[in-house]
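**Student:** The sequence isn't on hand, but the structure is:
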Ligand code: SF4
């Protein structure tokens, strides 16, 4: 590990990562003498070495949370179901948006039994716009398992929570501590940031040895009897005060913060390697036939599995977006279509992809060529190569199916909502 050179005195200061992990119960942490400051300089007046003042640090944090914590809807009753849904929903989602989705979800699926009994289509539709649809599918699967194997009672044991579909270490810790008050520290990106600054963790926080060190410090900070409040307080502090732009001047932990004392807050946490953004140039078209539009249901695996979509795909080298839309229809459905109108471009970010979606209005070259037809005599594909099902829908029926975000934008652009809608609206 790199030993960072401290600005005070220019001597090497040992990284706190070299401090062995906690071997003692958090409430019995003995006071250690403050860490040596390079060059023998006097610490900042009022500074309290965090590792030696854990009880005071906890108290300052809990007092702040009691006064400043947000009254979020899942903080009223702390039912395991509500905590679980909120934790899964809030991953990669801004709080305001997450709260809106949470309220609608609870109206629609107020408990595990209702969620288990719902169709996958309803669950995906309620999730639409949050992305990462495997999360919604896993919530659905887990609800069914709780009904079938746990008698409808949410399991409390950490290993049972962890065994539910889609529940990783963070979500299991959050449910166990926040819903069941078990003394397990939660480490999300907010906690990583706060801990890395408090203890001056000087290597990339998602890699070893920093990742283990942060988990150990987070666990050591946790007061066993107040796990629910403490874990939420740490995450709340990271969200409201100790963000990317830290507001140290109003931080309740300022006097315990090593990075603040050293003037290196902006250098913590140390980032890892950035995942490169991949541009994706794709084309899709809305195929019209006598007042209805064609949609297909994606395959059971891969991105957006089992969501509905307008057929389309990547624009190949040497091909125009319009040519790509026509080719994709031919390859995926066998339909021979032509472009009626170009709608424009929708840009959309998806994980590490930057998607540019070229959108068209399409019509069939020859309606009479098809041998398969629906009940209203519209052509049906002889074969679907990238889908498991297809339908002709009236535009207003598009609100009832789950579409990937870019396709929802296209549907809204064409059929009137003007902006991506939340489920149930
Ligand atoms: S003092 Fe600043 S860097 Fe330290 S925990 Fe508070 S907000 Fe974060």
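**Tutor:** Perfect, thanks for sending it. Note that the structure is predicted; figures quoted are calculated from it, not measured.
**Student:** who in the chain is up against the ligand?
**Tutor:** The interface of the chain toward the ligand, taken as Cβ under 6 Å from any ligand atom, is made up of 194, 197-198, 241-242, 246-248, 251, 253-254, 257, 259-260, 265. In this view, the C-beta of every residue, glycine as well, is placed from N, C-alpha and C.
**Student:** what about the residue at the greatest distance from the centre of the chain, which SS state?
**Tutor:** Within the chain, residue 368 marks the point farthest from the mean C-alpha position, 46.8 Å out by Cα atoms, centre = their mean. Using DSSP: H, G, I helix; E, B strand; the rest coil, the structure places residue 368 in helix.
**Student:** which one's the longest helix in this protein?
**Tutor:** Scanning the chain for the longest helix, with DSSP state H as the assignment, gives helix 133-149.
**Student:** Okay, buried residues for that helix please.
**Tutor:** Neighbour counts over helix 133-149 (16 or more other Cβ atoms under 10 Å) mark 133, 135-147 as buried.
**Student:** Residue 188 and residue 169 touch, don't they?
**Tutor:** No - using Cβ atoms under 8 Å, residue 188 makes no contact with residue 169, being 10.6 Å away.
**Student:** which one of the two has more residues nearby?
**Tutor:** Using other Cβ atoms under 10 Å, the more surrounded residue of residue 188 and residue 169 is residue 188, with 20 against 13.
**Student:** Ramachandran angles for that one?
**Tutor:** Main-chain torsions, residue 188, degrees, to the nearest 10: phi -110, psi -170.
**Student:** Show the model's pLDDT score for it.
**Tutor:** Residue 188 carries a pLDDT value of 95.
**Student:** can you check the one 4 residues further on too?
**Tutor:** pLDDT, residue 192: 97.
**Student:** A helix includes residue 216, no?
**Tutor:** Yes - read with three-state DSSP, residue 216 is one of the residues of a helix.
**Student:** what's the neighbour count on it?
**Tutor:** Residue 216 has 21 neighbouring residues, counting by other Cβ under 10 Å.
**Student:** what do you get for residue 250?
**Tutor:** For residue 250, the tally of surrounding residues (other Cβ under 10 Å) stands at 11.
**Student:** Surely it and residue 241 touch.
**Tutor:** Yes - Residue 250 lies in contact with residue 241 (Cβ under 8 Å); the separation is 6.5 Å.
**Student:** picking up where we left off before, reformat the buried residues of helix 133-149 as CSV; add distance to residue 153 and pLDDT.
**Tutor:** Shown next, in CSV, are those (distance: Cβ to Cβ, whole Å; pLDDT from 0 to 100):
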residue, distance to residue 153, pLDDT
133, 27, 89
135, 22, 93
136, 22, 95
137, 22, 94
138, 19, 96
139, 17, 98
140, 18, 98
141, 17, 97
142, 13, 98
143, 12, 98
144, 14, 98
145, 12, 98
146, 7, 98
147, 10, 98
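**Student:** Tell me which of the residues of the chain next to the ligand fall in helices.
**Tutor:** In helices, judged by DSSP H, the following of those are found: 194, 197, 198, 259, 260.
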